[in-house]
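1. have a look; sequence and predicted model below, questions after that.
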Amino acid sequence: MNSLLESIDQPQNLKKLSLAQLEKLAGEIRGLLIHTIACNGGHLAPNLGVVELTLALHKTFNSPVDKIIWDVGHQSYVHKILTGRRSRFSTIRQWGGLSGFPKRCESEHDIFGTGHSSTSISSALGIALARDISGDRFHVIAVIGDGSLTGGLAYEALNHAGHLGTNLTVILNDNEMSIAKNVGAMSEYLAKMRTDPTYSRVKRDVEILLRRIPAIGDSVAKTVERVKDSLKYLVVPGVLFEELGFTYFGPIDGHNIGLLSDVLEKTKGVKGPVLVHVVTRKGKGYAPAERNADKFHGINPFCIETGEVKAKGNKPTYTQIFGQTIVELAEKNKDIVAITAAMPAGTGLKAFAAKFPERFFDVGIAEPHAITMAAGMAAMGKRPVVAVYSTFIQRGYDHIIHDVCLQKLPVVFALDRAGIVGEDGPTHQGVFDISCLRHIPNLAIMAPKDENELRHMLFTATMADGPVVIRYPRGAGIGVPVDEPLKRIPFGNAEEISQGADVVLLAFGAMVEPCLEASKEMSAKGIRAGVVNARFVKPLDAPMIRRLARDTGIIVTVEDNVLAGGFGSAVLEYINNQRLAWVKMLRLGLPDAFVEHGSRSQLLAEYGLDGAGIAKSVMSFLQQAGVR
Ligand SMILES: Cc1ncc(C[n+]2csc(CCOP(=O)(O)OP(=O)(O)O)c2C)c(N)n1
Ligand SMILES: CC(=O)[C@@H](O)[C@H](O)COP(=O)(O)O
Ligand SMILES: [Mg+2]
């Protein structure tokens, strides 16, 4: 049978396809998604769920004149395949290849860059308002998932859009899932709309009532016809959205291309904002992903036949060690509570949730709320641990300052995925947290050099009398044994791992290991490089830095954070404040540029932050400084 997919490289090619052909195309797209993601890893289940929706959108609307905006953007693969990027699809999420998220520089069809959730309605409203000001005429469509609708920003935008009344279509892709099962009162409301028979009864009653309205003159008759037509898709409980000023259509089967296209076509004629509630199945068409949508939300390379992830070694991840340790600590300390913003598995909190359900809170994709709620709990004597990815803590900046640190409340921030995360790319790299946080008074920042140190740091943090951040990287630890009992690490206490007469590498967290490799490599060339594990970005170990300044006088700081405002800057500020003017200093870290997607090891090498790269930079610095 001929492949339809090969003949489709622009969305206008879809317009002439019959329903049967579109359905065949949907099957071919699913095949391509499964085969590609099995090799590259990526967001499989979300994309399998939106195949028909994406086809219907591109069949009905005229991209890029009409603007389709994807919330989070992890479900934009089908959109990419249909908008001129099919032939490069095999490169998705790889170094130099297609991004796993919409990217304005990648295609004119990628209207707005995303990666973090709940931005689509705001950006779509902005685009719609710009259109209105310019007197242009095109459709603006935001596609947002039920999970992303738990984010506060989405409600701010709905509130504003409903008030303004400009033309805008919001597609709510409801699959009952965030990454994990979706949470919250809105999620329950959507579930009622999908399943409660009273709502269907109300819909039927309204239809009967309408049929009884006597037609008085042409215009009334036409109006009734139009309303009746719309009622095919209207369910009264959408009243919440209606009250916000939206015309509500739904719930609609999101895998029925004909129905979807029909409804989307109808939205074009509606004045003001419209919300189309589409019900889809996450993972649709691939049994392992349908059965386990959470695991297949974002998956590493896997075997198609079994759905098993290809083995990646047997060292425990930092996430696993965090998850085990927090359970251990909570067994002894009843005040410990754990909070996640929609990422119980990603942050390692599933075991905690199972063991202490009354002390576990999934707030939805609501990082700012998670932080302020934690502050409230801490004000009442609890010991909240907010487990969140480094990149998503950016959402909570003011909350950390205003609600936590200003009041010196003992909240622990467990920042997973700190540093370079890899294939998710610039929206997800955890490379700003130190610069974002280190200037906030009362806040301590630690980073473990290995998984064993993570355990002691977590214990230390839960005993502290103020807020503490612990940042650790994505993926496996070093594979060191863990020791008992857990012990408190004195605040601001660095660890001198090895001494070196020529130069000292002062690093923390995931950068300690490559510094040890670099030191070994340099030692083979006769350069004696010591390595110090700073452990704390704040407070710095001032006596240690003074000693290093005195003994060696050449300090190289190494960090997986941007250099601007990072750890090296902190050391430099200290050296300047102390007038240690003779110290020669080199700062290694990430430049003032966004770090693109690629594997973590590729990116570390690219930015000179692997052992070989560090050794190379240090040796060239020593040469320039006239030391070697
Ligand atoms: C601010 C922010 N926090 C957390 C995430 C991680 N995240 C990515 S997708 C997702 C779930 C989104 O659910 P939904 O919008 O319903 O999309 P689905 O995957 O179900 O299609 C989460 C929590 C994120 N991208 N942005
Ligand atoms: C789209 C998104 O934000 C998440 O799905 C993220 O990609 C998860 O990253 P991890 O794979 O590191 O958990
Ligand atoms: Mg969802």
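-> That came in fine, so what should we check first? Ligands and ions are numbered 1, 2, ... in the order given.
2. need the longest strand for this protein.
-> The single longest strand within the chain, with elements called by DSSP state E, is strand 554-562.
3. so how far is residue 506 from the residue nearest in space to the middle of the chain?
-> Most central in the chain under Cα atoms, centre = their mean is residue 116, positioned 5.0 Å from the mean C-alpha point. Separation of residue 116 from residue 506 (Cβ to Cβ, to the nearest Å) stands at 32 Å. C-betas here are computed from N, CA, C, even on glycine.
4. same check on residue 270?
-> Residue 270 is 62 Å from residue 506, by Cβ to Cβ.
5. tell me the spacing between residue 500 and ligand 1.
-> Going from residue 500 to ligand 1 by Cβ to the nearest ligand atom, to the nearest Å gives 42 Å.
6. ok, the residue nearest to the centre of the chain touching residue 427?
-> Yes: the pair residue 116 and residue 427 qualifies as a contact (Cβ atoms under 8 Å) at a distance of 6.1 Å.
7. where does the protein have low pLDDT?
-> In the predicted model, the chain carries pLDDT under 70 at residues 1, 197-237, 628.
8. residues in it within reach of ligand 2, list them.
-> The chain comes close to ligand 2 at residues 72, 74, 179, 297, 298, 346, 417, 421, 424, 474, as judged by Cβ under 6 Å from any ligand atom.
9. will you turn these into TSV that also has secondary structure?
-> Listed next are those as TSV, based on DSSP: H, G, I helix; E, B strand; the rest coil:
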residue	secondary structure
72	coil
74	coil
179	coil
297	coil
298	coil
346	coil
417	coil
421	coil
424	coil
474	coil
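10. got those as JSON lines, with neighbour count and distance to residue 85 columns?
-> Output for these, formatted as JSON lines (neighbours: other Cβ atoms under 10 Å; distance: Cβ to Cβ, whole Å):
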{"residue": "72", "neighbour count": "25", "distance to residue 85": "18"}
{"residue": "74", "neighbour count": "26", "distance to residue 85": "16"}
{"residue": "179", "neighbour count": "22", "distance to residue 85": "25"}
{"residue": "297", "neighbour count": "22", "distance to residue 85": "22"}
{"residue": "298", "neighbour count": "19", "distance to residue 85": "20"}
{"residue": "346", "neighbour count": "21", "distance to residue 85": "27"}
{"residue": "417", "neighbour count": "27", "distance to residue 85": "27"}
{"residue": "421", "neighbour count": "24", "distance to residue 85": "23"}
{"residue": "424", "neighbour count": "22", "distance to residue 85": "18"}
{"residue": "474", "neighbour count": "23", "distance to residue 85": "26"}
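11. just those residues that are near ligand 3?
-> Among the residues of the chain next to ligand 2, not one lies near ligand 3 by Cβ under 5 Å from the ion.
12. buried residues of the longest helix along the chain, list them for me.
-> Counting by DSSP state H, the longest helix found in the chain is helix 19-40. Within helix 19-40, the residues that count as buried by 16 or more other Cβ atoms under 10 Å are 22-26, 28-30, 32-34, 36-38, 40.
13. quickly check: whatever helix or strand comes next after that helix near ligand 3 or not.
-> Tracing the chain past helix 19-40, the next element assigned as helix or strand by DSSP states H and E is helix 44-49. No: shown here: helix 44-49 not in contact with ligand 3 (Cβ under 5 Å from the ion), separated by at least 7.4 Å.
14. so the helix or strand just after helix 44-49 versus helix 19-40, what angle?
-> Per DSSP H and E, the first helix or strand lying C-terminal to helix 44-49 is helix 51-60. Helix 51-60 runs at 120 degrees relative to helix 19-40, counting by axes from the mean of the first three to the mean of the last three Cα atoms, to 10 degrees.
15. helices or strands next to helix 51-60 in the packing?
-> helix 19-40, helix 77-80, strand 140-145, strand 168-174, helix 257-267 (3 or more Cβ pairs under 8 Å, 6 or more residues apart in numbering; DSSP states H and E).
16. so what's the residue count around residue 322?
-> Using other Cβ atoms under 10 Å, residue 322 has 26 other residues around it.
17. assign it to helix, strand or coil.
-> With three-state DSSP as the basis, residue 322 sits in helix.
18. OK, contacts around the closest residue to residue 137 other than its chain neighbours?
-> Leaving aside its chain neighbours, residue 137 sits nearest to residue 131 (7.6 Å; criterion: Cβ to Cβ, 6 or more residues apart in numbering). Contacts here follow Cβ atoms under 8 Å, 6 or more residues apart in numbering; on that basis residue 131 touches 137, 138, 140.
19. okay, and the beta partners of the last one?
-> Taking DSSP bridges as the rule, residue 140 bridges to residue 67.
20. just checking, it touches residue 64?
-> No: look at residue 140 against residue 64 with Cβ under 8 Å: they stay out of range, at 11.7 Å.
21. these two: which is more packed in?
-> residue 140 (25 against 15).
22. and residue 166, how far from residue 246?
-> Taken as Cβ to Cβ, the span from residue 166 to residue 246 is 12 Å.
23. neighbour-wise, which of the two wins?
-> Shown here are residue 166 and residue 246; by other Cβ under 10 Å, residue 246 has more neighbours (23 against 16).
24. which positions in stretch 389-406 come out as buried?
-> Buried residues in stretch 389-406 (16+ other Cβ under 10 Å): 389-397, 399-401, 403-405.
25. where along the stretch 401-550 of the chain do the helices fall?
-> Using DSSP state H, counting those that start in this stretch, the helices found in the stretch 401-550 of the chain span residues 433-437, 451-463, 512-523, 542-551.
26. how about the ones you listed in TSV, adding mean neighbour count and distance to residue 351?
-> Formatted as TSV, the helices of the stretch 401-550 of the chain follow (neighbours: other Cβ atoms under 10 Å; distance: least, Cβ to Cβ, whole Å):
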stretch	mean neighbour count	distance to residue 351
helix 433-437	24	25
helix 451-463	22	14
helix 512-523	21	27
helix 542-551	16	36
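27. which stretch among the ones you listed comes nearest residue 52?
-> helix 433-437 (39.0 Å; Cβ to Cβ).
28. return the closest one as PDB; C-alpha atoms alone will do.
-> What follows is helix 433-437, C-alpha atoms only, in PDB (Å, rounded to 0.1, in the frame of the first residue of the first chain):
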ATOM      1  CA  ASP A 433      19.200  28.300  39.600                       C
ATOM      2  CA  ILE A 434      22.400  29.400  41.300                       C
ATOM      3  CA  SER A 435      22.300  32.900  39.700                       C
ATOM      4  CA  CYS A 436      18.600  33.100  40.500                       C
ATOM      5  CA  LEU A 437      18.900  32.200  44.100                       C
END
